[in-house]
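Peer 1: Fold the following, please.
(one chain, ligands or ions: 2)
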Amino acid sequence: MQVKICETSYNIETKVDNLLAVLGHIKQTQNNSLAFGSGCRSGICGSCAVVVNGVEKLACKTTIKDNDEVTPLKNLPVIKDLVVDNSKQHKLLKIANAQLQELSDEKISNADVDKIDKESNCILCNSCYSSCPVYEVNDKFLSPFALTRAYRYIEDKKEKDVKSIIDNIQDNGVFSCTLCGNCNMVCPAGIDIKGDIMKLQNKSVQFGHTNPNFATFDTGMDFGFNP
Ligand code: SF4
Ligand code: SF4
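Peer 2: Ligands and ions are numbered 1, 2, ... in the order given. This next block holds a predicted model:
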């Protein structure tokens, strides 16, 4: 089997077809300086996300085939080979301030926990950043992850100050998303990021924000609605 890893082709003579195992095999037998992320090896830690034939995947959960091409996650600075710098994401999270603002006294039921269970189970793999066409052209965009995190807190009954979270995600935020759904397709945790952003847009309107993409203009025509 032949695979291309970051512009270099490797001939692999092994029956193993799990991508993370193949990367380990290449490192042991052909290129001991090959750099890639690896942690739990069971799809939980999110540290082995890469791009396979243009689509974000967890290496530990991916079966590789002849002529596959493996490249690092997109839209993130590459440190070496398949390892990317994800420090920017922490800064975006901070700007979005997507965390508990003010603790309420509300009692939490199992149903309340279920409502934000998926969002709470993000594995921080960064695949959504890599797939997002808005983040690709606007690195100030708060990003799929920060927005789905914001949603997790506005739906949390323990959050008393929902307005402050909503106010914080307006600049380069909730209305900058084109709702393309790419992030949903690659998220290994199955989070409906696009759906969360749509709900955040609705909530933003409820709190008095407007979608800046809907420009108001005067047509100069009289439709007879004026008093
Ligand atoms: S739905 Fe929005 S956040 Fe998700 S990839 Fe598309 S533009 Fe980015
Ligand atoms: S939201 Fe999904 S794709 Fe984005 S970092 Fe979390 S698990 Fe990965």
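
Peer 1: tell me the phi and psi of the residue minimising distance to the centre of the chain?
Peer 2: Geometric centre of the chain, nearest residue: Cys128, 2.7 Å, by Cα atoms, centre = their mean. Phi and psi for Cys128, reported as degrees, to the nearest 10, are phi -70, psi -40.

Peer 1: For it, give me its contacts.
Peer 2: Applying Cβ atoms under 8 Å, 6 or more residues apart in numbering, one finds that Cys128 lies in contact with Ser143, Pro144, Phe145, Thr148, Cys183, Val186, Cys187, Ile193. Glycine gets a C-beta too; all of them are placed from N, C-alpha and C.

Peer 1: Let me see the confidence value for it.
Peer 2: Model confidence at Cys128, given as pLDDT, is 97.

Peer 1: Asp218 now?
Peer 2: Asp218 is assigned 56 on the pLDDT scale.

Peer 1: Asp139 too?
Peer 2: The score at Asp139 is 87. That number is its pLDDT.

Peer 1: and it, how far is that from Lys57?
Peer 2: Distance, Asp139 to Lys57, using Cβ to Cβ, to the nearest Å: 23 Å.

Peer 1: In terms of neighbours, single out the busier of those two.
Peer 2: Counting neighbours by other Cβ atoms under 10 Å for Asp139 and for Lys57 shows that Lys57 has the greater number, 21 against 14.

Peer 1: Could you list which of the contacts of Cys128 belong to helices?
Peer 2: When DSSP state H defines the helices, the subset of the contacts of Cys128 inside them is Ser143, Pro144, Phe145, Thr148, Cys183, Val186, Ile193.

Peer 1: The second one against Tyr129, yeah?
Peer 2: Right, the one you point to is Pro144. Yes - here Pro144 lies in contact with Tyr129, judged by Cβ atoms under 8 Å, at a distance of 6.9 Å.

Peer 1: Can you pull the residues that touch both of these two?
Peer 2: Taking Cβ under 8 Å, 6+ apart as the contact definition, Pro144 and Tyr129 share the neighbouring residues Tyr135.

Peer 1: follow-up on the earlier one: what's the closest of the ones in helices among the contacts of Cys128 to ligand 2?
Peer 2: Distance to ligand 2 across the ones in helices among the contacts of Cys128 (Cβ to the nearest ligand atom) is lowest for Phe145, with 4.5 Å.

Peer 1: Quick check: closest non-adjacent residue to the closest one.
Peer 2: If the residues on either side of it in the chain are set aside, Phe145 comes closest to Cys128, at 5.5 Å by Cβ to Cβ, 6 or more residues apart in numbering.

Peer 1: Show me where this protein has its helices.
Peer 2: With DSSP H as the criterion, the chain has helices at 19-29, 87-96, 110-115, 117-120, 127-131, 133-137, 143-154, 162-168, 182-186, 193-206.

Peer 1: Would you format the ones you listed as TSV with distance to ligand 2 included?
Peer 2: Formatted as TSV, the entries for the helices of the chain read as follows, by distance: least, Cβ to the nearest ligand atom, whole Å:
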stretch	distance to ligand 2
helix 19-29	16
helix 87-96	8
helix 110-115	16
helix 117-120	8
helix 127-131	3
helix 133-137	11
helix 143-154	4
helix 162-168	17
helix 182-186	6
helix 193-206	6
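
Peer 1: can I get the ones you listed in a markdown table with distance to Val51?
Peer 2: Compiled in a markdown table, those are given as follows (distance: least, Cβ to Cβ, whole Å):
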| stretch | distance to Val51 |
| --- | --- |
| helix 19-29 | 11 |
| helix 87-96 | 17 |
| helix 110-115 | 32 |
| helix 117-120 | 23 |
| helix 127-131 | 7 |
| helix 133-137 | 13 |
| helix 143-154 | 16 |
| helix 162-168 | 31 |
| helix 182-186 | 9 |
| helix 193-206 | 18 |
